[in-house]
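Student: no sequence on this one, just coordinates:
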């Protein structure tokens, strides 16, 4: 087993939960990052473009602050080139069709006890586990 | 203006959470999904840490008549477990398993200025546009 990052995981997870709680309390919105991104890239002026753009700016800024005050971002890529493009396309198409990703369905939807979100989370988690098994054990 | 600053603050906390928890690192994510390999349970701790906060916080907040900075709560209205939800979840799961990146960590990861992350985000945005175009043709 790989040594888990216990403290970082729990504290970081708590912060992700706190950000989602703050969004609901202050703006009355669900923190669904794929949906927030859709609103920004389609320039959806009718339904709150400014707060969506501010949230995504903040998301990047949070990681910038980590780099300034804590250290280099721990990023070890697991795919490159064409495979990375295929993965990105699938994540984009899938989160749009499925109305959400790990934040909206996973963190927020489960907290809302939404059967739809719980189903989505179980589906993408299970498929991702199978994908990793196929690519890293069966094909390699 | 208050709404924009609040969304910015929420984004920053979320981005810090993703960085501190190392969910910004595809190796940690793939490590969790690779149940047949050297399993890394960090993602489970992150999800647990986030869910403790949202599971307690959400019901307390939605009891309020309205959010602090908006007129009303805007919550997802769909409840049906339908084929777009499931097929979206499957496509997202494949993409997530291939690269170890989902929308939040990919966007926050832009802070690293990694060309690989930029490539993934560009593909993800293209994927959302493809889905927006294709969606009405498949499900009417």
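Tutor: That came through, no problem. No experiment lies behind these values; they were computed from the predicted model shown.
Student: quick check: residue B:42 touching residue B:33?
Tutor: No: counting by Cβ atoms under 8 Å, residue B:42 sits too far from residue B:33 to count as a contact (11.5 Å). The way it works is simple: take the backbone N, C-alpha and C, and place the C-beta from them, glycine included.
Student: ok, residue 69 - how many residues close by?
Tutor: Defaulting to chain A. Residue A:69 has 8 neighbours, counted by other Cβ atoms under 10 Å in any protein chain shown.
Student: switch to chain B, please.
Tutor: For residue B:69, the neighbour count with other Cβ under 10 Å is 16.
Student: that one: what secondary structure?
Tutor: Look at residue B:69: counting by DSSP: H, G, I helix; E, B strand; the rest coil, its state is coil.
Student: please list all residues in contact with the residue nearest to residue B:4 when sequence neighbours are not counted.
Tutor: Distances taken as Cβ to Cβ, 6 or more residues apart in numbering or on different chains put residue A:54 closest to residue B:4, at 4.5 Å, once the chain neighbours are dropped. By Cβ atoms under 8 Å, 6 or more residues apart in numbering or on different chains, the contact list for residue A:54 reads B:4, B:5, B:7, B:8, B:11.
Student: any idea which element residue A:54 lies in?
Tutor: helix A:49-69 (DSSP states H and E).
Student: give the buried residues for that helix.
Tutor: Neighbour-count burial for helix A:49-69, counted by 16 or more other Cβ atoms under 10 Å in any protein chain shown, picks out A:51-66.
Student: kindly report the same for stretch A:33-52.
Tutor: Neighbour-count burial for stretch A:33-52 flags A:33, A:34, A:35, A:36, A:37, A:38, A:39, A:40, A:41, A:48, A:51, A:52 (criterion: 16+ other Cβ under 10 Å).
Student: wasn't the fourth one part of a helix?
Tutor: Meaning residue A:36. Yes: counting by three-state DSSP, residue A:36 is part of a helix.
Student: from what I see, it and residue A:49 are in contact.
Tutor: No: using Cβ under 8 Å, residue A:36 is not in contact with residue A:49; the gap is 10.3 Å.
Student: need the contacts of residue A:54 in CSV with neighbour count, pLDDT and secondary structure, can you?
Tutor: Shown next, in CSV, are the contacts of residue A:54 (neighbours: other Cβ atoms under 10 Å in any protein chain shown; pLDDT from 0 to 100; DSSP: H, G, I helix; E, B strand; the rest coil):
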residue, neighbour count, pLDDT, secondary structure
B:4, 18, 97, helix
B:5, 14, 98, helix
B:7, 28, 98, helix
B:8, 20, 98, helix
B:11, 29, 98, helix
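Student: nearest to residue A:108 among the buried residues of helix A:49-69?
Tutor: Nearest to residue A:108, judged by Cβ to Cβ, of the buried residues of helix A:49-69 is residue A:55 at 13.4 Å.
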